[in-house]
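> Sequence plus predicted model, see below.
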Amino acid sequence: MGNRQGSLRPRAASRRPRASHGCARSDARDPRAAQPRVPALRPRRARGLASGRGLQGYLLDITREREAEQQLRQLALYDPLTGLANRAFFYEQFRHAASVRHVGGGRTGLLFVDLNAFKTVNDRWGHDIGDHVLQVVATRIEESIRAGDTAARLGGDEFAVVLGNALEPAEAIAAAERLLERISRPVEIGSAHLLTTASIGISLGSDADTMLKEADVAMYRAKAQPEIGYAFFDAVLDRNAARRSHRITELREAVEREEFRLDYQPVVDLGRYEIVGYEALVRWEHPLEGELAPAEFIPLAEETGVIVQLGAWVLRTACAEAVRLCGSDGRPPQIAVNVSARQLQHHDFLTDVRNALETTGLPADCLTLELTESTLLTSGEHVGATLAAIKDMGVMLAIDDFGTGYASLSYLQRFPIDVVKIDRSFTAEIDRPAADLVLLKGIIELGNALELDLVAEGIETQGQQNVVQRLGCQQAQGFYFGRPMPVAQRTLDVTPLSAA
């Protein structure tokens, strides 16, 4: 049978303990804590132990080894001066991102950023200051990009940004304008302020190698038009971008020159059939193109931040002109002014409201600030405190275009709203046979239950007026009662267009 028991014993060559290696971190909460390597020996017979077996081992501190590995990785993938991705890592990541977008049928955006006249900075201030400027610019670029975008330093004074998802040229333009605005802020060098500017080339597509070439060409095109600061490789997109930039310049100059006026559309009490207020609507009196409606410039003003200065002018002017519309009792009518998210977020907004009331003498309860649902949605976590401060002044608050968003009811609970303006989409066809009035009826019943003032927007016919009045809506606004007109042409008489 042979020696079966011998087959269970270790062979002579295996009697020496065998070592295996592992790593353990002494304190998992501290990434800087020592990381020991643990060469653990296999169990062996130990003297004096009841079990007859024991363990032998020792620890090696490999913290420096791990730190060296991390440093090597950092040097291989990231720019040592700015901490941004370096050229090699950027190209690798960009090609991967572009290929993923291509497979998914989408496209990405690439921005090449080159600092203008940076050699002059090094020549005049020295390389240490030049390096400091590059670090500041890198930080500003990182602060300007969205989640999902990637920034890199390609070398020298060249940077790049990949827009993770840029389906529309407007998104790339907005990103370029943010970068230019941040980069152009002065850099403090002791008591001096160093001004920096940049040129940005933009390419949209899904083929990485093609986009890299196009963005480089576009960047040099941008240097030839410094008044804009950015350029597309695509000629059509570039012309559109140039027109946009020109319009922004015109808009800023128009605010300085006050090339605007306000028209007023009446709000009518349906029970008494008399005007109880007006909504102020801004018009741009363009010196070459004539009158421009809000839709032609307000979105651009909001994107660029010009809306803050323009909105302050609208607020002051509306309050001043409301005083001129006093009724027989000497009291001004209710005046409604639209407010954007950018205004609501601005640190001077409460001061602007207070100053407009104090300088014009308009009673606070004669002013209504109209906020759309999208404004409330995008105004940040501090909007509640801002609205509470406005209410403390005695100013009224209204939700405009009510019912078109996703959180209409929650806004009525969260914010101190006084007025609900029912969007015209609910009133457009209510005078037709078999019209579905369920939603409109529900909104009106809800508003009345909450004791809110209700205004039906977009009323253009007698039939529409009759329906909203029958459902319990107290006030209405629309062409049926009067078109927006300058203050000089406004009266307190209600003249429906059908009777004019």
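Everything's here; your move. This is a predicted model, so every value here is computed, not measured.
> Tell me, how many residues neighbour Thr386?
A total of 18 residues lie near Thr386 under the criterion other CB atoms under 10 Å. (C-beta placed from N, C-alpha, C; glycine too.)
> Identify the residues contacting the closest residue to it other than its chain neighbours.
Once flanking residues are discounted, Thr386 sits nearest to Leu344: 6.1 Å by CB to CB, 6 or more residues apart in numbering. Leu344 sits next to 371, 375, 379, 383, 386 when contact means CB atoms under 8 Å, 6 or more residues apart in numbering.
> and which of those is nearest Val236?
Nearest to Val236 out of the contacts of Leu344 is Thr375 (CB to CB; 33.0 Å).
> How much space separates that closest one from Arg414?
14 Å (CB to CB, to the nearest Å).
> okay, those two: which has more neighbours?
Between Thr375 and Arg414, counted using other CB under 10 Å, the more crowded position is Thr375 (23 against 13).
> Isn't the more buried one up against Gln345?
No. If you go by CB atoms under 8 Å, Thr375 and Gln345 don't touch, sitting 9.7 Å apart.
> Report the two members of the contacts of Leu344 separated by the largest distance.
It's Thr375 and Thr386 that sit farthest apart of the contacts of Leu344, by CB to CB, at 11.3 Å.
> Just give me the longest helix of this structure.
helix 235-257 (DSSP state H).
> Helix or strand: which one has Pro299?
Assessed by DSSP states H and E, Pro299 sits inside helix 298-304.
> which other helices and strands contact the next helix or strand after that helix?
Downstream of helix 298-304, the first helix or strand assigned by DSSP H and E is helix 306-323. Other elements packing on helix 306-323 under the criterion 3 or more CB pairs under 8 Å, 6 or more residues apart in numbering; DSSP states H and E are helix 235-257, strand 260-269, strand 274-286, helix 298-304, strand 334-338, helix 341-345, helix 349-360.
> circling back: any idea of the mean pLDDT for the helix holding Pro299?
Averaged across helix 298-304, pLDDT comes to 88.
> List the buried residues for it?
Neighbour-count burial for helix 298-304 flags 298, 301-304 (criterion: 16 or more other CB atoms under 10 Å).
> With distance to Pro484 added, can I get those residues in CSV?
Output for the buried residues of helix 298-304, formatted as CSV (distance: CB to CB, whole Å):
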residue, distance to Pro484
Ile298, 14
Ala301, 19
Glu302, 20
Glu303, 24
Thr304, 25
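> of all those, which comes closest to Tyr91?
Nearest to Tyr91 among the buried residues of helix 298-304 is Glu303, at 31.3 Å by CB to CB.
> Would you agree Ala434 falls within a helix?
No. Under DSSP: H, G, I helix; E, B strand; the rest coil, Ala434 sits outside any helix and is assigned coil.
> And the helix or strand hosting Leu204, what does it pack against?
Using DSSP H and E, Leu204 falls within strand 198-205. When contacts are defined as 3+ CB pairs under 8 Å, 6+ apart, strand 198-205 sits against strand 108-115, helix 169-183, helix 208-223, strand 230-232, helix 235-257.
> at 7 Å what do you get?
On a contact count with 3 or more CB pairs under 7 Å, 6 or more residues apart in numbering; DSSP states H and E, strand 198-205 meets strand 108-115, helix 169-183, helix 208-223, strand 230-232.
> For the shortest one, what is the distance to the chain centroid?
Between the mean C-alpha location of strand 230-232 and the chain-wide mean there is a distance of 22 Å, by CA atoms, centre = their mean, to the nearest Å.
> Name the strands paired with that strand and say parallel or antiparallel.
Applying DSSP bridges, strand 230-232 is found paired with strand 198-205 (parallel).
> Need the contact partners of the strand it pairs with.
Residues outside strand 198-205 that contact it (CB atoms under 7 Å, 6 or more residues apart in numbering): 107, 109-116, 166, 169, 172, 176, 179-180, 183, 211, 214-219, 221-223, 229-233.
> could you dump the helices and strands packed on helix 306-323 to TSV with distance to Glu321?
Output for those, formatted as TSV (distance: least, CB to CB, whole Å):
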stretch	distance to Glu321
helix 235-257	18
strand 260-269	6
strand 274-286	8
helix 298-304	19
strand 334-338	8
helix 341-345	19
helix 349-360	9
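> which one of the ones you listed lies closest to Thr461?
strand 260-269 (14.0 Å).
> quick one: buried residues of that closest one?
Quick answer for strand 260-269 (16+ other CB under 10 Å): 260, 262-268.
> Direction included, what does that strand pair against?
Its sheet considered, strand 260-269 pairs with strand 274-286 (antiparallel), strand 475-477 (antiparallel), strand 485-486 (antiparallel) by DSSP bridges.
> can you give me how far the first one is from the chain middle?
Its chain's average C-alpha position is 28 Å from that of strand 274-286, according to CA atoms, centre = their mean.
> before we move on, what SS does Asp431 have?
Applying three-state DSSP to Asp431 yields a three-state assignment of coil.
> And it, its phi and psi?
phi -90, psi 10 (degrees, to the nearest 10).
> pretty sure Cys326 contacts Ile335?
No. Counting by CB atoms under 7 Å, Cys326 sits too far from Ile335 to count as a contact (11.4 Å).
> Neighbour count: these two, which is higher?
Neighbour count, other CB under 10 Å: between Cys326 and Ile335, Ile335 has more, with 24 against 13.
> Let me know the pLDDT of the residue nearest to that one when sequence neighbours are not counted.
Counting by CB to CB, 6+ apart, Ile335 lies nearest to Ala322, which is 3.9 Å off, once chain neighbours are set aside. pLDDT recorded at Ala322 is 92.
> Please work out how many residues are found near Ala322.
A count of nearby residues for Ala322, using other CB under 10 Å, gives 27.
> so what's it up against?
Residues near Ala322 by CB under 7 Å, 6+ apart: 332-333, 335, 362, 366.
> how does it look with 6 Å?
Contact analysis of Ala322 by CB atoms under 6 Å, 6 or more residues apart in numbering lists 332, 335, 362.
> Quick one, grab the pLDDT at the closest residue to Glu158 other than its chain neighbours.
Closest residue to Glu158 apart from its sequence neighbours, by CB to CB, 6+ apart: Asp114 at 5.3 Å. As predicted, Asp114 sits at a pLDDT of 95.
> Kindly state the pLDDT recorded for the closest residue to Leu357 other than its chain neighbours?
Excluding its sequence neighbours, the residue lying closest to Leu357 (CB to CB, 6+ apart) is Ala364, at 5.5 Å. Looking at Ala364, its pLDDT is 97.
> Over to Ser20?
46.
> all strands in the stretch 51-200 of the chain, in order from the N-terminus.
Here the stretch 51-200 of the chain has its strands, by DSSP state E, counting those that start in this stretch, at 60-61, 108-115, 150-155, 158-163, 187-189, 192-194, 198-205.
> Can you pull out the low-pLDDT segments for the stretch 151-300 of the chain?
Where the stretch 151-300 of the chain drops to pLDDT under 70, the residues are 166-167.
> Give me the neighbour count for Tyr411.
17.
> can you give me the mean pLDDT across the stretch of helix or strand it belongs to?
Using DSSP H and E, Tyr411 sits within helix 408-414. Mean pLDDT, helix 408-414: 77.
> Go through the helix or strand that it is followed by and flag the buried ones.
On the C-terminal side of helix 408-414, the nearest following helix or strand under DSSP H and E is strand 419-422. Using 16+ other CB under 10 Å as the test for burial, strand 419-422 gives 419-422.
> Let me have stretch 483-490 in CSV, keeping just the CA atoms, if that works.
Output in CSV follows, covering the C-alpha atoms of stretch 483-490 (Å, rounded to 0.1, in the frame of the first residue of the first chain):
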residue,chain,number,x,y,z
ARG,A,483,-52.4,96.8,-26.5
PRO,A,484,-49.2,97.9,-24.8
MET,A,485,-48.8,101.6,-25.2
PRO,A,486,-46.4,104.4,-23.9
VAL,A,487,-47.4,106.1,-20.7
ALA,A,488,-48.3,109.3,-22.6
GLN,A,489,-51.0,107.5,-24.6
ARG,A,490,-52.5,105.6,-21.6
